[in-house]
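>>> whatever this is, show me its structure:
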Amino acid sequence: MTRNPPSETSAQDAGSRRDRLVARRSRRTQIVVAAIVVVIAGVVAVAAYALNAQDPRAQAVGPKVPEPASLGADGTLFSPRVAKAPAMRSLDHAHPLRLWIGGDSLAGSFGPALGDRVGATGVVQTLIDYRVSSGLWSNDVRNWQQRATDQMASDRPEAVVFMIGTNDTPVVNQVDGNGDGVPDWQTHYRLEVARMMDLLVGSSHRTVFWLGPPTLGTRSMDRGAAAIGRVMRDEAAKRAPDVVYIDAYKLFSTEDGTYSRRILDERGQEIVARISDGVHFTEDGAQYLARAVFALIDARWRLSKQADLTQPIGWSLAPGSGAAVPGFSTRPRSRYRPQTGSTATTSPSASPTTAAPPSSAVPTTVAATTLPATVPVATTTPKATVPISTPTTTKIP
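Predicted structure coming up:
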């Protein structure tokens, strides 16, 4: 039998087959490894998602769905640092928070609304002291620095709400006599604001909620209100957390930052907030602002958590207060009977109308950093008609 010697071509074919076999095996290994990696990655991703869904810290890291804007959430009313400050003491009906509300005619409209709201908790005793047409620029209507000195000494409030500035808007101009780049009015007015804030804070470091002027109906007055508000905000920041600035200008602005009689409140409902003079609040507007300020006081003093709803406390008027305010048909009157032994002097116009709070006057708990729709509502239904206004003069009533 004749054997044929292996040819060179056959040896090459055998080598090629081996190489192809090795290559196929290598590709299979790579595919299997890749599949395993994908499966492991998927398992890890699912596990991580499950953990994140249960871990608030993990949720905070990722993107969030924007929450609906609410009053105070953007710093309009207060910062978390101010809201979370511990209350200086506990409250009860026998030892209520002593609150003083002062200012011009705007304080004379929203002050009673706030006084009724905090009084419904049964743990706040309020004195309201306002003077129509007053301001800080001059003392011709009321010397507020002297008035504050007297009231802080006699009533000894632990918390203060003060609203001023609307009657001062005509003084805002661009005159710069010494060429320092700062209008002359601003230098003087800043000093008046600083002195007033210091008097209200006092040596006991009482909490002062200071409200600047809201938007106003004429262009010149509105510019003045915005400028005055900036000065007040600056001075309040220097005294934080004792002084908390409440930006009433922003609260009463439309979405584009301008004045309108009609605005959306914190619940998204349209209200007629101002009467036709472009300055004063309607009853709805006063209640809107009162709810905002109540949220601040509640966050600071935990009113809702300590409330004694069976024993509401009526507010009182300080001597020299009680004049009728444009936008309201009658002089202010407290809804509840002032607490026995109050240091406040009760005006005849502050006679109580009821002795017990209606169920709708019960304030609900307000979150520390927002003012949600659960803010307590007014105990009476606001009138649908806009109150008759009075003509605007150089001195705003």
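>>> so how far is M221 from the residue nearest to S90 when sequence neighbours are not counted?
Closest residue to S90 apart from its sequence neighbours, by C-beta to C-beta, 6 or more residues apart in numbering: Q306 at 6.4 Å. In short, each C-beta sits where N, CA and C put it, glycine included. For Q306, the distance to M221 (C-beta to C-beta, to the nearest Å) stands at 41 Å.
>>> which of those two has more neighbours?
M221 (21 against 18; other C-beta atoms under 10 Å).
>>> quick check, that one in a helix?
Yes - under DSSP: H, G, I helix; E, B strand; the rest coil, M221 sits within a helix.
>>> my guess is it contacts D168, does it?
No - when contacts are counted by C-beta atoms under 8 Å, M221 is not listed as touching D168 (10.3 Å).
>>> wait, what's in contact with G103?
G111, Y130, S134, F162, M163, I164, L211 (C-beta atoms under 8 Å, 6 or more residues apart in numbering).
>>> looking at those, which is nearest W315?
The shortest approach to W315 among the contacts of G103 belongs to G111, at 8.1 Å (C-beta to C-beta).
>>> need the next SSE after the helix or strand where the closest one lies, C-terminal direction.
Here G111 sits within helix 105-119, counting by DSSP states H and E. Downstream of helix 105-119, the first helix or strand assigned by DSSP H and E is strand 124-130.
>>> for whichever helix or strand comes after that following strand, packing partners?
As assigned by DSSP H and E, the chain's next helix or strand after strand 124-130 is helix 144-155. Counting contacts by 3 or more C-beta pairs under 8 Å, 6 or more residues apart in numbering; DSSP states H and E, helix 144-155 is packed against strand 97-103, strand 124-130, helix 184-201.
>>> so where do the strands sit in this protein?
Assigned by DSSP state E, the chain shows strands spanning 97-103, 124-130, 159-163, 207-211, 243-246, 262-264, 270-272, 316-317.
>>> deepest-packed of those strands, please.
Mean neighbour count (mean count of other C-beta atoms under 10 Å) peaks for strand 124-130 among these, with a mean of 28.
>>> may I have it as CSV, with CA atoms only?
Written as CSV, here are the backbone C-alpha positions of strand 124-130 (Å, rounded to 0.1, in the frame of the first residue of the first chain):
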residue,chain,number,x,y,z
VAL,A,124,-52.7,85.2,72.9
GLN,A,125,-53.6,88.6,74.4
THR,A,126,-53.4,91.4,71.8
LEU,A,127,-53.3,95.2,72.1
ILE,A,128,-53.9,97.0,68.8
ASP,A,129,-52.4,100.5,68.4
TYR,A,130,-52.8,102.3,65.0
